[in-house]
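Trainee: dropping a prediction and its sequence here:
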Amino acid sequence: MTKRTFPFELSDIAFHPGETLQEVLEANSMTQKELADRTGITKKTVQEIVQGRASLSAHTAVALEKVLGIKATFWLNLQAGYEADLARIEAQRRMQKEIDLAKRFPYATMAKQGMVPEKKQWEERIELLLRFFAVASLEKVELTLQAAFRRKKNPDVSPYALATWLRQGEILGSKTETAPFSRDRLRSELPALLALSRLPLVEAKKEAVRICAECGVAVVLVPHLPKTYVNGATKWLSREKALVILSLRGSYGDIIWFSLVHELGHILKGHSKKDTFIDFANDRDRDEKETEADDFASEQLIPSLALRFFRDKGDFSPQAIGEFAEKLERSPGIVAGRLAHLGHINWNSAAQFREIVTPYMRSVLITPTTHTAPKGEKNPLGLCVEQCSRTEGDLVGSPYIATGSTMTTIPSASR
């Protein structure tokens with residue numbers, strides 16, 4: 001017997017029972033009108049069944065058995081098989097669409113950061129992505145984030161990577177215990193929060209997170225994902241709980257402090273609880289709310305009146321910068337970064353004050369576990385892992401060296 005072959009995949013087709021019915025009619029030299037007259041079924045219904053536009057009902061199956069001598073169960077099985085094939089084909093179509101969508105998410109990076117398990121099969125990845133985003137279809141991810149992306153102007157931003165970053169923040173934020181939100185308490189705690197900027201980031205983090213949690217704000221750190229270009233984001237998880245997500249994208253501590261206060265500005269300024277506010281890096285087309293949050297952060301970190309008095313003196317020496325920062329109870333890096341931004345000192349001069357955020361420090365900030373610093377990198381207390389050959393004499397020009405929670409002045413023969 002010759003094996004019958006098809007130029008297509010059998011799994012991609014479904015045969016309607018009307019095709020078989022037409023073959024039987026032709027074999028019996030019977031017209032559709034004659035079948036209609038004999039069965040009592042309307043000619044229109046017979047025509048629609050043959051054309052595959054109508055289902056073959058149990059009543060019709062019984063009538064066909066009487067007229068054509070083919071049992072009703074045969075016709076009903078054909079109908080059931082056809083419907084099952086349609087359902088399977090539709091499921092395959094949906095799965096292919098889900099696969100196409102899943103390929104747009106940074107799954108490998110998600111697995112590397114521990115958001116999802118490592119999987120190779122797309123069907124497994126899709127199932128895990130659906131659980132991660134808590135949706136029935138990956139199409140729903142786009143729908144739930146339309147409001148968040150309405151301000152996005154940068155075509156280089158991947159909405160799928162950004163959605164992933166935001167969702168991880170939501171997951172971590174939902175696990176963070178907070179008191180009911182209190183705007184008054186957050187405002188009153190702001191000075192103590194900003195005074196923590198004098199500490200190294202890894203020391204300040206725990207206390208800063210605690211202060212915010214007691215005010216009803218969950219602060220979480222989510223590693224920056226490629227193609228997100230985001231510094232931070234703010235949204236409300238409930239009426240009594242706000243969420244601030246920081247990416248630690250900046251290479252310096254003063255940038256991270258600015259991002260935190262910027263996000264808190266959205267909350268303290270009473271910006272809409274229905275919106276998700278996303279702070280993109282190097283965004284030159286900022287809307288009113290983002291500009292307002294920028295102004296809030298600038299004023300809180302360095303009050304404009306105090307900054308004006310300092311600038312009017314015209315002394316931007318390292319000594320003056322350190323004393324001004326101490327008076328404000330701020331990190332010298334915050335002051336130096338602002339002065340460089342305004343053009344009063346160059347960035348090279350500001351660098352001696354600014355805390356560099358290394359990849360190792362990011363891992364310490366994001367993961368609350370014990371880490372061993374790689375050779376040559378500084379640990380959270382600023383101590384070098386490998387033996388350091390530099391002496392105090394090498395540090396002339398960097399008069400303020402952070403050591404724990406104090407600022408130590410290194411004597412200089414030149415001063």
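Mentor: Everything's here; your move.

Trainee: what about the stretch 151-300 of the chain, any weak spots by pLDDT?
Mentor: 151-154, 284 (pLDDT under 70).

Trainee: and with 90 instead?
Mentor: 151-159, 224, 228-229, 248-251, 272, 274-275, 279-288 (pLDDT under 90).

Trainee: where do the strands of it begin and end?
Mentor: 217-221, 230-238, 241-246, 277-280 (DSSP state E, counting those that start in this stretch).

Trainee: quick one: K119 and R125 touch, right?
Mentor: Yes - at 5.0 Å, K119 counts as touching R125 under the criterion of Cβ atoms under 8 Å. All C-beta atoms are positioned from the backbone trio N, CA, C, and that covers glycine.

Trainee: got any residues that touch both of these two?
Mentor: The contact sets of K119 and R125 overlap at Y107 (Cβ atoms under 8 Å, 6 or more residues apart in numbering).

Trainee: backbone dihedrals for the closest residue to G216 other than its chain neighbours, please?
Mentor: Counting by Cβ to Cβ, 6 or more residues apart in numbering, F181 is the residue found nearest to G216 once chain neighbours are left out, at 2.9 Å. Taking degrees, to the nearest 10, you get phi -60, psi 140 for the backbone angles of F181.

Trainee: what's near enough to touch the closest residue to R354 other than its chain neighbours?
Mentor: The shortest distance from R354 to any non-neighbouring residue, by Cβ to Cβ, 6+ apart, is to G333 (4.0 Å). Contacts for G333 (Cβ under 8 Å, 6+ apart) come out as Y252, G253, D254, A350, F353, R354, E355.

Trainee: swap the cut-off to 7 Å and go again
Mentor: Y252, G253, D254, F353, R354, E355 (Cβ atoms under 7 Å, 6 or more residues apart in numbering).

Trainee: find the helix or strand that it is a member of.
Mentor: Using DSSP states H and E, G333 falls within helix 332-342.

Trainee: buried set for that helix?
Mentor: P332, G333, I334, V335, A336, G337, R338, L339, A340 (16 or more other Cβ atoms under 10 Å).

Trainee: for stretch 293-307, same thing?
Mentor: A293, D294, F296, A297, S298, Q300, L301, I302, L307.

Trainee: okay, the residues you listed in JSON lines with distance to L221 next?
Mentor: Formatted as JSON lines, these follow (distance: Cβ to Cβ, whole Å):
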{"residue": "A293", "distance to L221": "19"}
{"residue": "D294", "distance to L221": "21"}
{"residue": "F296", "distance to L221": "21"}
{"residue": "A297", "distance to L221": "18"}
{"residue": "S298", "distance to L221": "22"}
{"residue": "Q300", "distance to L221": "20"}
{"residue": "L301", "distance to L221": "19"}
{"residue": "I302", "distance to L221": "24"}
{"residue": "L307", "distance to L221": "29"}
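
Trainee: which of those fall in helices?
Mentor: Judged by DSSP state H, the buried residues of stretch 293-307 include A293, D294, F296, A297, S298, Q300, L301, L307 as members of helices.

Trainee: in space, what's closest to M95 - neighbours in sequence excluded?
Mentor: Here the residue nearest M95, using Cβ to Cβ, 6+ apart, is E123, at 7.1 Å.

Trainee: can you list the domain ranges for this structure.
Mentor: 10-101, 103-144, 146-287 (automatic domain parsing).

Trainee: contacting residues around the residue nearest to A340 when sequence neighbours are not counted?
Mentor: Of all residues not flanking A340 in the chain, A350 sits nearest, at 4.0 Å (Cβ to Cβ, 6+ apart). Shown in contact with A350 (Cβ under 7 Å, 6+ apart): A336, G337, L339, A340.
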